[in-house]
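> just to be clear, the model below is a prediction. Sequence and coordinates:
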Amino acid sequence: MAMSTELSEAGTLDGSLEQAADRQTGLTDICSGTAGSRMASVAEYYAGKNVLITGATGFMGKVLVEKLLRSCPEVKALYILVRPKAGQSMQQRVSDMMKCKLFDRVREDNPDFHQKIIPISSELMQPGLAISPEDVEKLTACINIVFHCAATIRFDEPLKHALQLNVIATQQLLSLAQQMHHLEAFIHISTAYANCNRKYIDEVIYPPPVEPKKLIESLEWMDDGIVRDITPRLIGNRPNTYTYTKALAEYVVQQEQDKLNIGIIRPSIVGASWQEPFPGWIDNFNGPSGVFIAAGKGILRTMRANNDAVADLIPVDVVINLTLAAGWYTAVHRPKTALVYNCTTGGINPFHWGEIGTYAHHVMSSFKRNPLEQAFRRPNANITSNYLINQYWILVSHKFPALIYDLFLRLSGQKPQMMRIFNRLHKAISLLEYFSSQDWEWNSENMSMLMSQLTPEDRKTFNFDVRQLNWPEYIENYCIGTKKYVLNEDMSDIPAARQHLRKLRNIRYTFNTLLVVFIWRVFIARSQMARNIWYFVVSLCFKFLSYFRASSTLTN
Ligand SMILES: CCCCCCCCCCCCCCCCCCCC(=O)SCCNC(=O)CCNC(=O)[C@H](O)C(C)(C)COP(=O)(O)OP(=O)(O)OC[C@H]1O[C@@H](n2cnc3c(N)ncnc32)[C@H](O)[C@@H]1OP(=O)(O)O
Ligand SMILES: NC(=O)C1=CN([C@@H]2O[C@H](COP(=O)(O)OP(=O)(O)OC[C@H]3O[C@@H](n4cnc5c(N)ncnc54)[C@H](OP(=O)(O)O)[C@@H]3O)[C@@H](O)[C@H]2O)C=CC1
């Protein structure tokens, strides 16, 4: 880890990039890179290169494919490992993917961009990744750089499955990479939370919780029930099998650092795009996206987060820009040990959960201006760090309305569904709360070092300088993005959605009025004291009314 330590001292983003660059000169000397000669720009480096990408049909993979095609138009070919899924063939999936709005800008620049994408059939859970011998031959002969994005990112994944995909498949891909005759870099996408059992996370690979080989051997003979029972003991102080297996994967990747040029990217909570290809682009319900959507639909009204903790969101385009720059750097400089890039915002441009609480009003007002269709209630959500207050609001604002609505559905002969939806929401939120209730500090100096290595032009084209990120604007675009790109709602239907919100407001006013009248009637019928208070309030109102009438007659 000597290299990482050296780089850790390389300077910070709010320090000077020059300082980081100076430190880097020393680094280049100990690397077998191209010191002295004119360095190719990032796009120049990718020109004529064959790139292999796993997870290209996923959220980050798609953005990576798009950016490579758009900003490195001379790239030779992108080989993407894809499996058939949900009754769709590999070809059908890839052709659907390329029709997606995300590729509109690339399509404009080069309508034939699809010719550069070469799908390779692969199921990562299978031995040899289920790649045919002909395809193996093709890949080993031509690939120059590998980006490994595929993973299961579910927090409730059974351990065996997560291990198979996140660790064993990574091992198999590394073996394949070693057979590649012209490989220049292997970039592995990890997560900033792989070591979330620590509070301070440096850009180093920490010792694994268990030797992966031993774990794989032991789990092989156990049936799923036994594995499920021992999982909590195995993952220890990590919250889920996802973070646990991602930590093991880092170690497995590190084991190959003598044979391959390796870079490891550790993004924090990846959110919608900041700038590219469009602000707010997002295509899934993971992490904050599902939370925003549930809040925008008026379903989620309360969530627990530590107001003072950093909400380490990072836009997907920032992660991809850094990933491509890291690919360039790894190939050109060939660091002798794997370099880790903590791709986070907290240390550079921090944003706190409490601020999201403040911006929750922005989020809510954004959703009131641009409402989601068929909202359950008007958007109005709050963040609290207090467990009991949160439980109270869950009861009053989630469970009670769900019960009433389900009762209404039953009475009108329909199937009740709201309670089921809330139970799923509570399960998802409970899995996310681990991350929103705690604080971590990441050292992200390799990010600044990398930036210092880019030309001014590349710093713009592959911008990952999050100091420029304006959080309220980003969150607003994020919310609109969930409407446009995740829910595929038409912006021209906004007037109808606003009308629906007005209807919901009127229902609420009517319901509240009826409730107050009902409660009061019950009280008045039963208690003399309530009657006395009622008469007192009514007579006070009359007195005020006659006073105002009299004073307005006098002034006239
Ligand atoms: C309150 C005020 C508002 C202010 C906002 C405050 C924002 C707070 C945000 C807090 C977020 C904290 C996030 C921390 C994340 C840490 C990230 C760590 C970084 C990483 O490295 S990994 C990436 C993160 N991974 C995830 O986020 C995955 C988490 N998800 C899961 O593990 C599973 O999805 C989950 C939650 C266990 C649920 O599983 P299940 O019930 O089986 O459901 P499915 O996922 O299979 O989905 C079924 C179906 O439903 C669709 N879906 C999912 N969510 C929604 C939704 N909110 N609304 C509508 N529909 C939804 C989903 O797409 C599936 O549809 P299909 O058509 O595909 O079947
Ligand atoms: N999203 C986030 O917030 C963060 C993500 N990361 C990391 O970034 C990487 C990408 O994440 P993200 O794009 O969000 O994840 P997605 O779930 O969107 O994409 C996962 C990709 O992996 C592929 N994949 C999964 N299982 C298999 C399999 N058995 N065989 C072949 N391919 C498979 C999926 O293919 P298919 O379409 O066929 O299912 C998909 O292309 C992951 O390594 C993740 O750990 C790190 C930090 C945060």
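Everything's here; your move. Ligands and ions are numbered 1, 2, ... in the order given.
> indicate the residue of the stretch 51-200 of the chain located nearest to ligand 1.
At 3.3 Å from ligand 1, Thr191 is the closest residue in the stretch 51-200 of the chain, using C-beta to the nearest ligand atom. (Glycine included, C-beta is placed from N, CA and C.)
> just the helices in the stretch 151-300 of the chain please.
Remark: helices assigned in the stretch 151-300 of the chain by DSSP state H, counting those that start in this stretch are 159-162, 169-178, 212-220, 224-235, 241-254, 288-296.
> rewinding a little: is the residue of the stretch 51-200 of the chain closest to ligand 1 in contact with Pro267, as I believe?
Yes: assessed by C-beta atoms under 8 Å, Thr191 is found in contact with Pro267 at 6.6 Å.
> neighbours of the spatially closest residue to the residue of the stretch 51-200 of the chain closest to ligand 1 that is not a sequence neighbour, how many?
The shortest distance from Thr191 to any non-neighbouring residue, by C-beta to C-beta, 6 or more residues apart in numbering, is to Lys246 (5.1 Å). For Lys246, the neighbour count with other C-beta atoms under 10 Å is 28.
> what about stretch 309-324, start to end distance?
End-to-end distance for stretch 309-324, by C-alpha to C-alpha, to the nearest Å: 30 Å.
> so it, near ligand 2 or not?
No: under the criterion of C-beta under 6 Å from any ligand atom, stretch 309-324 makes no contact with ligand 2; the nearest approach is 7.8 Å.
> now the residue nearest to Thr191: how far from Ala162?
Per C-beta to C-beta, to the nearest Å, Lys246 is found 9 Å from Ala162.
> report the set of residues contacting both of these two.
Common contact partners of Lys246 and Ala162 (C-beta atoms under 8 Å, 6 or more residues apart in numbering): none.
> now do the strands in the stretch 201-350 of the chain.
262-267, 269-271, 302-304, 313-315, 339-343 (DSSP state E, counting those that start in this stretch).
> so which elements touch the fourth one?
Packed against strand 313-315, as judged by 3 or more C-beta pairs under 8 Å, 6 or more residues apart in numbering; DSSP states H and E, are the following elements: strand 269-271.
> who touches the strand it packs on?
Strand 269-271 is touched from outside by 59-60, 282, 287-289, 311-316, 319, 435, 474, 478, with contacts defined as C-beta under 8 Å, 6+ apart.
> strands paired with it, and their directions?
In the sheet, strand 269-271 lines up against strand 313-315 (parallel) (DSSP bridges).
> coming back round to it: intersect the contacts of strand 269-271 with the contacts of ligand 1.
Contacts with ligand 1 are made by 287-288, 435 out of the contacts of strand 269-271, judged by C-beta under 6 Å from any ligand atom.
> neighbours of Arg410, how many?
Using other C-beta under 10 Å, Arg410 is surrounded by 11 other residues.
> point to the helix or strand of the chain where mean pLDDT is at its lowest.
Least confident helix or strand, the chain: helix 2-8 with a mean of 36, by mean pLDDT, DSSP states H and E.
> ok, back up a step: more crowded one of Thr191 and Pro267?
Pro267 (27 against 23).
> give the contact list for the more buried one.
Each residue near Pro267 by C-beta under 8 Å, 6+ apart is listed here: 60, 189, 191-192, 314, 319, 343-344.
> show me what it bridges to in the sheet.
Beta-bridge pairing for Pro267 (DSSP bridges): Cys343.
> what pLDDT does it get?
pLDDT for Pro267: 98.
> so what's the residue count around the nearest residue to Thr54 once chain neighbours are set aside?
Leaving out its chain neighbours, the residue that sits closest to Thr54 by C-beta to C-beta, 6+ apart is Ala150, at 3.9 Å. Neighbour count for Ala150, taken as other C-beta under 10 Å: 26.
> was I right to think Ala150 contacts Met60?
No: with contact defined as C-beta under 8 Å, Ala150 and Met60 do not form a contacting pair (9.9 Å).
> mind listing what the residue lying closest to Ser132 once chain neighbours are set aside touches?
Excluding the flanking residues, the one nearest Ser132 by C-beta to C-beta, 6+ apart is Ser121, at 7.0 Å. Taking C-beta under 8 Å, 6+ apart, we find Ser121 in contact with 82-84, 90, 130-132, 135.
> show me these that map onto helices.
90, 135 (DSSP state H).
> and the contacts of Ser121, which is closest to Pro335?
Closest to Pro335 out of these is Ile131 (28.4 Å), distances taken as C-beta to C-beta.
> could you verify my assumption that the closest one touches Glu137?
No: the pair Ile131 and Glu137 fails to qualify as a contact (C-beta under 8 Å) at a distance of 9.9 Å.
> re earlier: which one of the helices of the stretch 151-300 of the chain lies nearest to Asp202?
For Asp202, the closest of the helices of the stretch 151-300 of the chain is helix 241-254, at 12.7 Å, according to C-beta to C-beta.
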